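[1] Sequence and predicted structure are below.
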Amino acid sequence: MNLRTKSFRLIAAVAAAVLGIALILVLRLVTVADDPQLARQIGWNLLLIGLSAGFLAAAAAFWVVQRITLPLRRLSETMSGMARTGELQSDFPSAGGGGEVQLIEETFRGLMVTLEESQRARERSYVEAVGAVVTAADARDHETTGHSFRVALYAVSLAQAMGMHGEQLKAIEWGALLHDVGKMVVPDEILRKMGPLTDEEWHIMKQHPTWGFDMLAEVSFLQPASLDIIYSHHERWDGQGYPRGTAGEAIPLSARIFAVVDTYDAITSDRPYRRARTHAVALAELQRVAGQQLDPSVVEVFRHVPEVELRRLRELCKRVHPGLSLPADLLDSLAEPEQKADFGF
């Protein structure tokens, strides 16, 4: 039985009790009175008074119950929503109600603040620990360090532009950070080879998405969308990618988002064989390969992410070096992806 049903039963009980008392008084009066006519007249008046009193008592009880149950129901819905989505929120709208309900609400709000702080501290610890691994992995494969951090920040900005938020952003950020973790298994002579790879070497290199997925599949804090990036970040829109040759919208959205920002970072970063290209050149190249290598709809959204924002995110990653702690501003940005700019797309 829910609270609302109990409330209506209480109101009905109050009204019935008042009406019952009125009827008892009427019967008692009729029984003892000497003048039956006078007794009936007084009795009808008492009955009317009883009915009126019962109605007023029921209305008063209904008002009191609603003043308590409605705010409690709102508060319960807020708590249920947080439990369902897993997203903590200490600044939820007030449920209203009297002092007792407000005390419950403030206690719950204080608990949410404590849990949010604990969650932020835990996520910062995760970022610091994973950051050390990612920095080391980048140093093995990239002339310019900070690649994984750049693509993680770019991917979150693009995902926000596509309307994602909350846990969706965190999933994309973690997947982008860890996308190349499987390359830690690839031998140095293959990973660092300056010339073209042999067929056998290329076969080994193409296993790194599968190895990365296998390494992280049982990590509890990684969401499926994170693992999708790790496993599918080399798939192509036209089906010519690896490891599965998946095509079009069969490729997970998080992996399609990552593929765009990964390509952008490759074009705008220095490589041993060429200098970094400009933002405009990179956008032109993204449009050229849209519909072949990349999802054209994702490329179209990325074109509207401001260049100044992409530059700001790149600057955050310039002080990333193996063996050093992550810069505080980069750590804050990674730990709280929801706080990045929302461009309103």
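    Nice, I can see it. Numbers count the residues shown, from 1 in each chain.
[2] For residue 177, which non-adjacent residue is closest in space?
    Leaving aside its sequence neighbours, residue 177 sits nearest to residue 152 (Cβ to Cβ, 6 or more residues apart in numbering; 4.6 Å). For glycine as for every other residue, the C-beta is placed from the backbone atoms N, C-alpha and C.
[3] ok, now residue 155?
    residue 176 is the one closest to residue 155 (Cβ to Cβ, 6+ apart), at 4.3 Å.
[4] what's the next secondary structure element after the helix or strand where the one you found lies?
    Using DSSP states H and E, residue 176 falls within helix 167-177. Per DSSP H and E, the first helix or strand lying C-terminal to helix 167-177 is helix 188-191.
[5] Surely residue 267 and residue 281 touch.
    Yes. Residue 267 lies in contact with residue 281 (Cβ atoms under 8 Å); the separation is 6.8 Å.
[6] What is the neighbour count of residue 310?
    Per other Cβ atoms under 10 Å, the neighbour tally for residue 310 reads 22.
[7] Can you tell me how far it is from residue 235?
    From residue 310 across to residue 235, the span is 24 Å (Cβ to Cβ, to the nearest Å).
[8] Just the angle for the helix or strand where residue 260 lies relative to helix 167-177, thanks.
    Under the criterion of DSSP H and E, residue 260 resides in helix 253-268. If you take axes from the mean of the first three to the mean of the last three Cα atoms, to 10 degrees, helix 253-268 sits at 50 degrees to helix 167-177.
[9] Which other helices and strands does helix 253-268 contact?
    helix 147-161, helix 167-177, helix 224-232, helix 279-289, helix 296-302 (3 or more Cβ pairs under 8 Å, 6 or more residues apart in numbering; DSSP states H and E).
[10] re the thing from before, what residues are up against the residue nearest to residue 155?
    148, 151-152, 154-156, 229, 258, 261 (Cβ atoms under 8 Å, 6 or more residues apart in numbering).
[11] Tabulate these in TSV, adding columns for pLDDT.
    TSV is the format used below for those (pLDDT from 0 to 100):
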residue	pLDDT
148	87
151	93
152	91
154	95
155	95
156	93
229	96
258	97
261	96
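[12] Show the buried residues in those residues.
    With burial judged by 16 or more other Cβ atoms under 10 Å, the buried subset of the contacts of residue 176 is 148, 151-152, 154-156, 229, 258, 261.
[13] hmm, back to that, quick one: which of the contacts of residue 176 is nearest residue 290?
    Proximity of those to residue 290 (Cβ to Cβ) peaks at residue 261, which lies at 13.8 Å.
[14] My read is that that closest one contacts residue 302, right?
    Yes. Contact status for residue 261 versus residue 302: in contact at 7.2 Å, counting by Cβ under 8 Å.
[15] any residues in contact with both of these two?
    With contacts taken as Cβ under 8 Å, 6+ apart, residue 261 and residue 302 have residue 158 as neighbours in common.
[16] Go through stretch 267-278 and flag the buried ones.
    267-269, 277.
[17] do stretch 158-175 as well
    158-162, 164, 168-175.
[18] which of the residues you listed sit farthest apart?
    Among the buried residues of stretch 158-175, 161 and 174 lie farthest apart (Cβ to Cβ), at 18.9 Å.
[19] follow-up on the earlier one: can you tell me which two in the buried residues of stretch 267-278 are farthest apart?
    Distance extremes for these: the farthest pair is 269 and 277 at 8.9 Å, using Cβ to Cβ.
[20] Low-confidence stretches in the stretch 51-200 of the chain?
    Low-confidence segments of the stretch 51-200 of the chain, defined by pLDDT under 70, are located at 51-72, 75-77, 79, 81-105, 108-109, 112, 116-117, 119-133, 135-145.
[21] wouldn't residue 313 be in contact with residue 152 here?
    No. Counting by Cβ under 8 Å, residue 152 is not a contact partner of residue 313; they are 9.2 Å apart.
[22] follow-up on the earlier one: what's the separation between the residue nearest to residue 177 and residue 275?
    From residue 152 to residue 275 the distance is 24 Å (Cβ to Cβ).
[23] Among the buried residues of stretch 158-175, which one sits closest to residue 201?
    residue 175 (26.2 Å).
[24] residues touching that closest one, list them.
    Contacts of residue 175 by Cβ under 8 Å, 6+ apart are 155, 222, 225-230, 233, 254-255, 258.
[25] leaving aside the residues next to it on the chain, what's closest to it?
    residue 229 (3.0 Å).
[26] any idea of the pLDDT on the nearest residue to residue 206 once chain neighbours are set aside?
    Nearest residue to residue 206, sequence neighbours excluded (Cβ to Cβ, 6+ apart): residue 242, at 4.8 Å. On the pLDDT scale, residue 242 is placed at 93.
[27] How many neighbouring residues does residue 242 have?
    Each residue near residue 242 was counted by other Cβ under 10 Å, and the total is 18.
[28] Also the one 3 residues further on?
    Applying other Cβ under 10 Å, we find 11 other residues in the vicinity of residue 245.
[29] That one is in contact with residue 239, isn't it?
    Yes. If you go by Cβ under 8 Å, residue 245 and residue 239 touch, sitting 5.4 Å apart.
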